[in-house]
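Student: Any chance you could fold what I've pasted below:
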Amino acid sequence: MSAETRPAALVPALPLGRLAPLYGAQALATGATTVSTVLASLIMSSLGRESLSGLPSTLISASAALSAGLFGALMLRAGRRVGLGSAFALGTFGAVLGFLGARAGATPLFLLGASLMGAAQGGYQQARYAAAESVPEGRRGTALGALMLMSVVGSFLMTGFSGAVEGLGDRLGTSAEVAGWLVGGGLLGIAALLILIWTPLKAPAQASTARLSLRQAFAVPGVRSTALALATAQGLMVTLMSLTPLRAHHLGMDHTSIAALISGHIAGMFGFGWLTGPLIDRLGLRVGYVGGALLLAAAALTAPLPGPSWLGVSMFLLGLGWNLAFVTGSKALSRYPAAQGVTDGLGYVAAGTGTLVGGLVIAHAGFPALASACALLALLPLVSAWRVRRG
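Tutor: Coordinates of the predicted model:
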C-alpha cells in the first residue's frame with residue numbers, strides 16, 4: 001500500500017449540483033479572508049500599534065497551525081459537516097469580535113478575533129478533502145481544481161465590492177478595513193448555513209485507508225513524503241509571497257505595481273485549477289510533484305534577477321508551482337483522513353517559520369541568499385515523486 005494513485009481511466013463527471021454548497025462556502029471563505037485578515041496590519045497601525053503590525057498575521061498562522069489537527073480529529077470522529085460547520089461558525093464569531101475590537105480601539109479584543117479567525121482557517125481549509133472524498137479517485141484532482149477556482153471567484157468578487165465595503169465603513173463611522181471584518185463575519189456565517197444544507201458524498205469505493213489512525217497513516221510508505229511536499233510548498237509560497245513585496249519596494253515599485261504582483265500571484269495559485277486538477281488525474285501524481293518542484297525552484301531563482309518584470313514572472317510561477325504541488329499532495333492525502341489535519345498544521349508552521357527566518361536572512365545576507373535557499377528547498381517535493389515511482 002502506498003500514498004500514490006495512478007492516472008485515471010474514464011470516469012463520470014463531477015456531481016456539481018450536490019457539491020455546489022461546499023464550493024460556495026469555499027468562495028465565501030476566501031472572500032472573507034480577502035476583505036478582512038489580509039488588511040489586519042493596517043488596523044494595527046490605526047490602533048497606534050504600527051510596531052506590531054505583523055502580529056495579527058503571526059497569530060492567525062499560529063492559531064491555524066494549532067487548530068488544524070484538532071479540526072481534523074473532529075471531522076474524523078463526527079464527520080465533515082460537523083467539523084466544517086464548526087469552523088465556519090468559529091470564524092464568524094472571530095470576525096465579529098475583531099470588528100468590535102477594532103471599532104472600539106480595543107487591541108486585545110481585535111487580536112483575539114484575529115486568533116479565532118486563524119483557528120477557523122485551520123478547519124475550513126480542509127474543505128478540499130471533503131470535495132475530494134465526494135468523487136472517485138480518478139476525479140479527485142479535478143474536484144480539487146474546481147475548488148481552487150471558487151477561491152478565485154471569492155477573492156475577486158470581494159475586490160470588486162471594495163467600494164461597497166468603503167460605503168459601509170462610512171455609514172458605521174469607521175474605516176473600510178474595520179468594516180471588512182464585519183463583512184467577513186457575514187460571509188462566513190452564510191458559509192456555515194451552506195454547510196448545513198450540504199449532504200456529504202462518499203466515493204463509490206471507500207478505501208480501507210480511511211479508517212487508519214494517525215500513527216498508522218503516517219506509517220504507510222509515501223504518506224510522510226506527501227506531508228513533506230505539502231508543507232514545503234506552503235512554507236515556500238507564503239515566505240516568498242510575504243517577502244517579495246519588500247524587494248519590490250527596494251526596487252522602487254509603487255503600491256499599484258506591488259498590488260499587480262500579488263494579483264498575478266493569486267492568478268497562478270487559483271486561476272489554473274481547471275487545468276492542473278484534470279492534468280494530475282490524467283498523468284498521475286509524479287507529474288504534479290515534479291512540475292510543482294521545478295516551478296517553485298524557478299520562481300525562487302527568477303526573483304532576484306534585475307528588473308521589476310522578473311518579480312512578476314517569479315510571483316506567477318510561485319503561485320502555479322504551489323498549485324501543482326498542493327493539488328497533487330492533497331489528492332494523495334485524500335485517502336488518509338487521519339493525516340490531513342496534522343499535515344495542514346505542519347504547513348502553517350513551515351509558513352510562519354519561513355517568513356520569520358526569511359526576514360532575518362534578508363537583513364543579514366540579502367534577498368538573493370534567501371532566494372537561493374528557497375530554490376534548494378523547492379526540490380523537496382521530488383522526494384514525493386520518487387516515492388510514487390517506487391510504489
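Student: Work out for me the element Pro304 sits within.
Tutor: Counting by DSSP states H and E, no helix or strand carries Pro304.
Student: any idea of the pLDDT on it?
Tutor: Here the pLDDT value assigned to Pro304 is 92.
Student: how about it, phi and psi?
Tutor: phi -90, psi 0 (degrees, to the nearest 10).
Student: How about it: what's its closest non-neighbour residue?
Tutor: Pro368 (4.1 Å; Cβ to Cβ, 6 or more residues apart in numbering). Where C-beta positions appear, they are placed from N, C-alpha and C, glycine not excepted.
Student: now the helices for the stretch 1-150 of the chain?
Tutor: Using DSSP state H, counting those that start in this stretch, the helices of the stretch 1-150 of the chain run over 16-35, 40-46, 55-78, 80-104, 107-124, 127-133, 140-160.
Student: would you list these in JSON lines and tack on mean pLDDT and distance to Leu194?
Tutor: Formatted as JSON lines, the helices of the stretch 1-150 of the chain follow (pLDDT from 0 to 100; distance: least, Cβ to Cβ, whole Å):
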{"stretch": "helix 16-35", "mean pLDDT": "88", "distance to Leu194": "4"}
{"stretch": "helix 40-46", "mean pLDDT": "79", "distance to Leu194": "25"}
{"stretch": "helix 55-78", "mean pLDDT": "91", "distance to Leu194": "17"}
{"stretch": "helix 80-104", "mean pLDDT": "96", "distance to Leu194": "8"}
{"stretch": "helix 107-124", "mean pLDDT": "95", "distance to Leu194": "11"}
{"stretch": "helix 127-133", "mean pLDDT": "92", "distance to Leu194": "11"}
{"stretch": "helix 140-160", "mean pLDDT": "85", "distance to Leu194": "12"}
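Student: out of those, nearest to Leu243?
Tutor: helix 55-78 (12.5 Å; Cβ to Cβ).
Student: so how far is that closest one from its chain's centroid?
Tutor: The chain centroid and the centroid of helix 55-78 are separated by 13 Å under Cα atoms, centre = their mean, to the nearest Å.
Student: Can you pull out the low-pLDDT segments for the stretch 201-350 of the chain?
Tutor: Applying pLDDT under 70 to the stretch 201-350 of the chain flags the ranges 201-208, 255, 259.
Student: hmm, try it at 80
Tutor: Applying pLDDT under 80 to the stretch 201-350 of the chain flags residues 201-211, 245-246, 249-250, 254-260, 262-263.
Student: how about Glu177, what does it touch?
Tutor: 39, 42-43, 46, 102, 169 (Cβ atoms under 8 Å, 6 or more residues apart in numbering).
Student: wait, I meant Ala227
Tutor: 218, 329, 333, 339, 342-343, 346.
Student: Dump the residues you listed to TSV, plus distance to Arg387 and neighbour count.
Tutor: Below are these laid out as TSV (distance: Cβ to Cβ, whole Å; neighbours: other Cβ atoms under 10 Å):
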residue	distance to Arg387	neighbour count
Phe218	13	17
Gly329	11	29
Leu333	13	24
Ala339	14	27
Val342	18	18
Thr343	15	27
Leu346	17	20
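Student: Next step: the residues you listed restricted to helices.
Tutor: Among the contacts of Ala227, the ones falling in helices (DSSP state H) are 218, 329, 333, 339, 342-343, 346.
Student: In the residues you listed, find the pair that's most separated.
Tutor: Phe218 and Gly329 (14.2 Å).
Student: Using the record's domain definitions, break this protein down for me.
Tutor: Per automatic domain parsing, the domain ranges recorded for the chain read 14-203, 215-391.
Student: for the host helix or strand of Val165, packing partners?
Tutor: Using DSSP H and E, the element containing Val165 is helix 162-172. Contacts defined by 3 or more Cβ pairs under 8 Å, 6 or more residues apart in numbering; DSSP states H and E place helix 162-172 against helix 176-197.
Student: okay, the angle between the helix it packs on and helix 140-160?
Tutor: 140 degrees (axes from the mean of the first three to the mean of the last three Cα atoms, to 10 degrees).
Student: Take helix 176-197, keep the C-alpha atoms, and write them as CSV.
Tutor: Listed next in CSV are the C-alpha coordinates belonging to helix 176-197 (Å, rounded to 0.1, in the frame of the first residue of the first chain):
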residue,chain,number,x,y,z
ALA,A,176,-13.2,50.2,5.2
GLU,A,177,-10.6,47.9,6.8
VAL,A,178,-12.6,47.7,10.0
ALA,A,179,-15.9,47.3,8.2
GLY,A,180,-14.3,44.5,6.2
TRP,A,181,-14.2,42.4,9.3
LEU,A,182,-18.0,42.7,9.8
VAL,A,183,-18.5,41.8,6.1
GLY,A,184,-16.2,38.8,6.6
GLY,A,185,-18.2,37.6,9.5
GLY,A,186,-21.4,37.8,7.4
LEU,A,187,-19.8,35.8,4.6
LEU,A,188,-18.6,33.1,7.0
GLY,A,189,-22.0,32.9,8.6
ILE,A,190,-23.6,32.3,5.2
ALA,A,191,-20.9,29.6,4.5
ALA,A,192,-21.9,27.9,7.8
LEU,A,193,-25.5,27.8,6.6
LEU,A,194,-24.5,26.3,3.3
ILE,A,195,-22.7,23.5,5.1
LEU,A,196,-25.9,22.8,7.0
ILE,A,197,-27.7,22.1,3.7
